[in-house]
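A.B. asks: Quick one: sequence and predicted model below, then my questions.
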Amino acid sequence: MEYMIIFFTGIISTTLGTIAGGGGLISLPMMLLLGIPIHSAIGANKVSNTISSFSSFFHLLRQKKIAMKECFWIIPVSLIGGISGGLVASLISAEYLYIIAIILLIFAFLSSMIGKRNFTGGKKLEPTKLSVPGLYSIGIYDGIFGPGQGTLMLYLFAYLKVDYIRAVGYTRLATFSSCMGAAIMYISSGVIIWGLTLTLLCGSVIGAQIGVRLAEKLKPAYLKPILRIVTLAIIIQVLVENM
């Protein structure tokens, strides 16, 4: 029964995560509610996200919605960012990590209320003095904290005037890159419960495919309200956990 719950949790959380980020809002609390140790739960998330995010990215790449020559540079930037975040996390107390997370998420939420960009620009993603530091910083955030990484990434791509479906593809590639380093760390530490992790992984791959197909049909005008709801939910979750 527990594995069945984890399987469907993977489907639902990754479907949401692919469309607007915030899938960790569902999967991590559910695993903790089932009594799974925190490190094993986070490790399961990182392993499943590595595979599921690549599967949704590869779907868009195969459909020629995105081009590898435009986004290959995301891999090292996000990977190094994730590693850097892991190092920073070891030096900062949990109390300060929560404060940093709340500040970043509130800033993203307010920016979405003020900004008028709605993923309709259609510009190509290029390594610039804004995109590289932005991706690297969010990679650090993913390594430090995690929940909301995909949401913050979508906000960044909206600011860079990238259209929505390509923004989804680039976000999934960045998620794959940052989670891969973290997954290796958790596997090497021996905290992975493989039965649980593979069950979550199977559900997540299905959810990724559902999510990316929904994203192809989702109108950009509908995305900002979804992003705002997800962002508020993450902020509330962080505040409740910190209290």
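C.D. replies: Received it, and whenever you're ready, just let me know what you need. Numbering: from 1, shown residues only.
A.B. asks: Quickly note the distance from the residue lying closest to Arg166 once chain neighbours are set aside to Ala215.
C.D. replies: Nearest non-adjacent residue to Arg166, counting by C-beta to C-beta, 6 or more residues apart in numbering: Ile66, 5.2 Å away. Using the backbone N, CA and C atoms, a C-beta is placed for each residue, glycine as well. The gap separating Ile66 from Ala215 is 12 Å, by C-beta to C-beta, to the nearest Å.
A.B. asks: quick one: secondary structure of the residue nearest the centre of the chain?
C.D. replies: With distances taken as C-alpha atoms, centre = their mean, Gly150 lies nearest the centre of the chain, 3.2 Å away. Look at Gly150: counting by DSSP: H, G, I helix; E, B strand; the rest coil, its state is helix.
A.B. asks: show me the contacts for it.
C.D. replies: Going by C-beta atoms under 8 Å, 6 or more residues apart in numbering, Gly150 touches 17, 20-23, 171, 175.
A.B. asks: Let's see that with 6 Å instead.
C.D. replies: 17, 21, 171, 175 (C-beta atoms under 6 Å, 6 or more residues apart in numbering).
A.B. asks: So which of those residues sits lowest on pLDDT?
C.D. replies: Scanning the contacts of Gly150 for pLDDT, the low point is Gly21. It has 77.
A.B. asks: wait, it sits on Thr151?
C.D. replies: Yes: under the criterion of C-beta atoms under 6 Å, Gly21 makes contact with Thr151 at 3.2 Å.
A.B. asks: about what we covered before: give me every residue that touches the residue nearest to Arg166.
C.D. replies: Shown in contact with Ile66 (C-beta under 6 Å, 6+ apart): 60, 166, 169.
A.B. asks: Please work out how many residues are found near the first one.
C.D. replies: Residues within reach of Leu60, counting by other C-beta atoms under 10 Å, total 20.
A.B. asks: if I look at it, how far off is Gly203?
C.D. replies: Leu60 is 20 Å from Gly203, by C-beta to C-beta.
A.B. asks: cool, and Gly24?
C.D. replies: Per C-beta to C-beta, Gly24 is found 14 Å from Gly203.
A.B. asks: quick one, which of those two is more surrounded?
C.D. replies: Neighbours were counted for Gly24 and for Gly203 using other C-beta under 10 Å; Gly203 has more, 26 against 23.
A.B. asks: Wait, that one touches Gly10, no?
C.D. replies: Yes: contact criterion C-beta under 6 Å: Gly203 and Gly10 qualify, at 2.4 Å.
A.B. asks: Would you map the helices across the protein?
C.D. replies: Shown for the chain, the helices assigned by DSSP state H span residues 2-20, 24-33, 38-62, 68-71, 74-89, 94-114, 131-144, 149-159, 164-189, 194-217, 220-242.
A.B. asks: could I get the ones you listed as TSV with distance to Gly122?
C.D. replies: TSV is the format used below for the helices of the chain (distance: least, C-beta to C-beta, whole Å):
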stretch	distance to Gly122
helix 2-20	20
helix 24-33	30
helix 38-62	16
helix 68-71	13
helix 74-89	18
helix 94-114	19
helix 131-144	16
helix 149-159	12
helix 164-189	9
helix 194-217	16
helix 220-242	11
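A.B. asks: tell me the most buried of these?
C.D. replies: Across the helices of the chain, the average number of neighbours (mean count of other C-beta atoms under 10 Å) peaks for helix 149-159, which reaches a mean of 25.
A.B. asks: got the angle for it vs helix 164-189?
C.D. replies: 150 degrees (axes from the mean of the first three to the mean of the last three C-alpha atoms, to 10 degrees).
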